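> this one's sequence-less:
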């Protein structure tokens, strides 16, 4: 059974940092492309970051580029999202997503991803 479990969310002040983790039970984790999405109240789910199966290529939304970093540890079946210089507009539920794919170019469309975690809340106060 595929399972993605996010952790690391919380309440922080603007300018602070958080690191989200997504622990995956996916069989051969290293075959999977991984992504992070977020959804703020009243808004659609939006792409945040993605990483290829090998970790060799990463993608970011313009709104987080230079502040967030996605990484993965295939030995630990875990993907991370390091979030620095957080802003109130980063407040959202953050979701981990995956798909069995060894593509080098990853879509930013949430419909491409197959498996999803339950989400973790990140709240940034001003």
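Sure thing, it's come through. Keep in mind it's a predicted model, so treat the numbers as computed, not measured.
> CA only for contacts and neighbour counts going forward, please
Will do.
> for the chain, which spans come out with low pLDDT?
Judged against pLDDT under 70, the chain has no low-scoring part.
> all the strands of this protein, residue numbers only.
Counting by DSSP state E, one finds strands in the chain at the ranges 3-7, 10-13, 18-25, 32-39, 46-51, 58-60, 68-73, 78-83, 92-100, 115-116, 120-125.
> save those strands as TSV, and put in mean neighbour count and distance to residue 108 too.
TSV is the format used below for the strands of the chain (neighbours: other CA atoms under 10 Å; distance: least, CA to CA, whole Å):
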stretch	mean neighbour count	distance to residue 108
strand 3-7	20	19
strand 10-13	15	25
strand 18-25	20	18
strand 32-39	25	8
strand 46-51	24	6
strand 58-60	19	8
strand 68-73	20	14
strand 78-83	21	16
strand 92-100	24	11
strand 115-116	19	14
strand 120-125	20	20
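> okay if I get these as JSON lines plus distance to residue 109?
Formatted as JSON lines, the strands of the chain follow (distance: least, CA to CA, whole Å):
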{"stretch": "strand 3-7", "distance to residue 109": "19"}
{"stretch": "strand 10-13", "distance to residue 109": "26"}
{"stretch": "strand 18-25", "distance to residue 109": "19"}
{"stretch": "strand 32-39", "distance to residue 109": "10"}
{"stretch": "strand 46-51", "distance to residue 109": "7"}
{"stretch": "strand 58-60", "distance to residue 109": "12"}
{"stretch": "strand 68-73", "distance to residue 109": "17"}
{"stretch": "strand 78-83", "distance to residue 109": "18"}
{"stretch": "strand 92-100", "distance to residue 109": "11"}
{"stretch": "strand 115-116", "distance to residue 109": "13"}
{"stretch": "strand 120-125", "distance to residue 109": "20"}
